[in-house]
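J.: have a look; sequence and predicted model below, questions after that.
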Amino acid sequence: MAAHAAVPARRTVHLHGAVLPALIGIAYGLYAPTVSRHGGALTWGQLWLGIISAILVGGAVYALRTYGRALPREPRAVAWGALAGVAIGFLYSLSGSSVLSASVLGLIVAAGVGAGAFYLFYTHEDATGHPAPY
């Protein structure tokens, strides 16, 4: 019986590569001017706010997803918490609230996301920081 040629392996698409950060950035960039305009018409300044916000948040998510494995679990959890806290605090400040209330909300979100991320990293890695075998 003759052997047949091997079927080439399919390349899988990973959403965390560039697509997921881009989608998160686009959603954030669309939401920021919506909060900022308070139901009024869209201006050029708000349009640029959305574009710059989308690029910054998408780039930060991409950087943490790509290069975050180089960090130990504690600083990586702090980085995810800081990103979430700054993003939510900034959106809340766009609504016209005080700086103090936006800062407090950002700190609460940062603490919650940081604790959740640390728990996720701690339960899915062994003591050396490698993914758990299960």
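T.: Yep, that arrived.
J.: just the buried residues of stretch 67-79, please?
T.: Across stretch 67-79, burial judged by 16 or more other Cβ atoms under 10 Å covers 68, 73, 76-79. Backbone N, C-alpha and C define where each C-beta goes, glycine included.
J.: stretch 115-123 now?
T.: Result for stretch 115-123 [16+ other Cβ under 10 Å]: buried residues 117-118, 121.
J.: so which of those belong to strands?
T.: Taking DSSP state E, every one of the buried residues of stretch 115-123 sits outside strands.
J.: so which of those residues sit within helices?
T.: Secondary structure from DSSP state H places 117-118, 121 of these in helices.
J.: dump these to a markdown table, plus pLDDT.
T.: Output for those, formatted as a markdown table (pLDDT from 0 to 100):
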| residue | pLDDT |
| --- | --- |
| Ala117 | 95 |
| Phe118 | 95 |
| Phe121 | 90 |
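J.: next, His130: phi, psi?
T.: phi -90, psi 150 (degrees, to the nearest 10).
J.: list the contacts for it?
T.: Listed by Cβ atoms under 8 Å, 6 or more residues apart in numbering, His130 has no contact partners.
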